[in-house]
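> fold the following for me, if possible:
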Amino acid sequence: MKTLWRLSLAAVIVAYGAVMLGSWTRINGAGMTCPDWPRCDGRLVPPLGDGTVWEWTHRLLVFVLTPLVIAVVVAAWRNRKRSPFIAPTMWAIALLFAFQVFLGAATVHLSNSPISVVWHWGTAMAFIAGLCAMAIFARAGLRGSPPAARESNAAETILTGVLAGTTLVAFVTMCVGAYVSSSGAGLACLSVPGCAGNVVVYSPGQYVQMLHRFIAAACLLSAVASFALAWAWRAAARVRLMATVGLLLVFVQVLLGLLNVALRLPIDLREAHAANAALVFLAFVIATTFAILGAVRTYEPVAA
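As a prediction, the model looks like this:
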C-alpha cells in the first residue's frame with residue numbers, strides 16, 4: 001500500500017503540472033504550434049521557438065506520466081483485495097488516462113475547438129480526481145487492514161451527498177469556464193454581476209458567460225453548505241479541514257474572476273483562475289473521499 005500511495009501522489013503532481021502547462025500553452029495561443037500528433041511538426045524534437053516549447057513540454061510531461069500511471073495500475077492490481085475501493089478506482093484511472101490520450105490527439109485534429117478543449121480539460125480533471133482518491137484509499141490502507149463495514153448515520157450520509165454534489169457543481173463550473181475561455185467569451189460581459197448592465201443577454205458569448213456566473217454562484221452556495229454542515233455535525237477533522245479549504249478557494253476563485261474582468265484578462269490571471277478552479281474541484285474531491293471513508297469505515301484501526 002505504501003508503494004501505491006507514493007506512486008499515486010507522484011502521479012497527481014505530474015498530472016496537475018501537465019494540465020496546467022496545457023492550459024498555459026492554450027492561453028498563450030501556442031496550442032497549435034505542434035500541428036500533428038504524436039510528433040511535433042513531423043519531428044520528435046522540433047525547433048522550440050514561437051511558443052512550441054510550451055506545447056512540446058506539455059507532451060513531454062504526459063510522456064513522463066505514462067509509465068507512472070502504468071505503475072499505479074500495477075500496484076493497485078496487487079492491492080485490489082485490500083479495499084473494495086481500489087479496483088474500481090484503478091479501472092477508472094486506466095480508462096480515463098487512455099481516453100485523455102485520445103482526446104489529446106483529437107484536440108489537435110480539431111484545432112483546439114472549444115468543445116474539444118472542454119472534453120480534454122474535464123477528462124484530465126476527472127483523471128486527477130481518480131489519482132487523488134487512489135492516494136487516499138492507499139493511505140487509509142496503511143492504517144489498517146480488512147474491511148469492517150458498519151451502517152453510517154443519517155448525518156454522515158447527508159454530508160457525503162452534499163460534498164459530492166458540491167464536487168459535481170465545481171466540476172461543471174470549471175468545464176463551462178473552459179468553454180468561456182476557449183471560445184473567446186471571457187470579455188463578453190464587462191460588468192458585474194449583470195452583463196453590460198442587463199441580466200437578460202443576447203449573444204452566444206454573453207449567454208455562456210452568464211451561464212458560467214450562475215453556476216459559479218451555485219458552487220459558492222454549495223461550498224458554504226458543505227462547510228456549515230461539516231462543522232455543525234462535527235464531521236471528522238480531515239473532512240472539516242478540506243471543506244474549509246474548498247470554501248476558501250472558492251472565495252479566491254470569485255476574486256480572480258472579478259479581477260480578470262476588471263483587468264481585461266491578463267494571461268497570468270487567466271492561468272491563476274484555471275489553476276485555482278482545479279484546486280477547488282480537487283479540494284471537494286478529497287473532502288468527499290474522506291467523508292466516504294468515514295461513513296463506510298472500510299478499514300479497521302491497526303491493533304496496538
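
> ok, Leu263 - contacts?
By Cβ atoms under 8 Å, 6 or more residues apart in numbering, the contact list for Leu263 reads Leu269. (C-beta placed from N, C-alpha, C; glycine too.)

> how about it, phi and psi?
Per-residue torsions, Leu263: phi -100, psi 10 (degrees, to the nearest 10).

> Gly186 versus that one, what's the distance?
11 Å (Cβ to Cβ, to the nearest Å).

> can you check Gly141 too?
For Gly141, the distance to Gly186 - Cβ to Cβ - is 43 Å.

> and for Lys81?
Between Lys81 and Gly186 the computed distance is 48 Å (Cβ to Cβ).

> between the two, which one's more packed in?
More crowded of Lys81 and Gly186, by other Cβ atoms under 10 Å: Gly186, with 20 against 10.

> mind checking the SS state of the residue lying closest to that one once chain neighbours are set aside?
Nearest residue to Gly186 in three dimensions, chain neighbours excluded: Leu265, at 5.1 Å (Cβ to Cβ, 6 or more residues apart in numbering). Here Leu265 is recorded as coil under DSSP: H, G, I helix; E, B strand; the rest coil.

> Met174 and Leu279 touch, don't they?
No - counting by Cβ atoms under 8 Å, Met174 stays clear of Leu279, with 10.3 Å between them.

> correct me if wrong, but Asp36 is in a helix.
No - according to three-state DSSP, the state of Asp36 is coil, so it is not within a helix.

> now do the contacts for it.
Gly42, Val108.

> how many other residues sit next to the residue nearest to Gly186?
Neighbour tally, Leu265, other Cβ under 10 Å: 15.

> same question for Ala124.
Residues near Ala124, counting by other Cβ under 10 Å: 24.

> shouldn't it be within a helix?
Yes - assessed by three-state DSSP, Ala124 belongs to a helix.

> and Ala170, how far from Ala243?
Counting by Cβ to Cβ, the gap from Ala170 to Ala243 is 12 Å.

> okay, and the common contacts of those two?
Ala223, Phe284.

> so where do the helices sit in the stretch 51-200 of the chain?
Ranges of helices in the stretch 51-200 of the chain, per DSSP state H, counting those that start in this stretch, are 52-78, 86-109, 114-142, 154-182.

> run through the neighbouring helices and strands of the last one.
I take that to be helix 154-182. Packing partners of helix 154-182 (3 or more Cβ pairs under 8 Å, 6 or more residues apart in numbering; DSSP states H and E): helix 114-142, helix 204-232, helix 237-262, helix 267-296.

> next, the angle from that helix to helix 86-109.
For helix 154-182 against helix 86-109, the angle by axes from the mean of the first three to the mean of the last three Cα atoms, to 10 degrees is 10 degrees.
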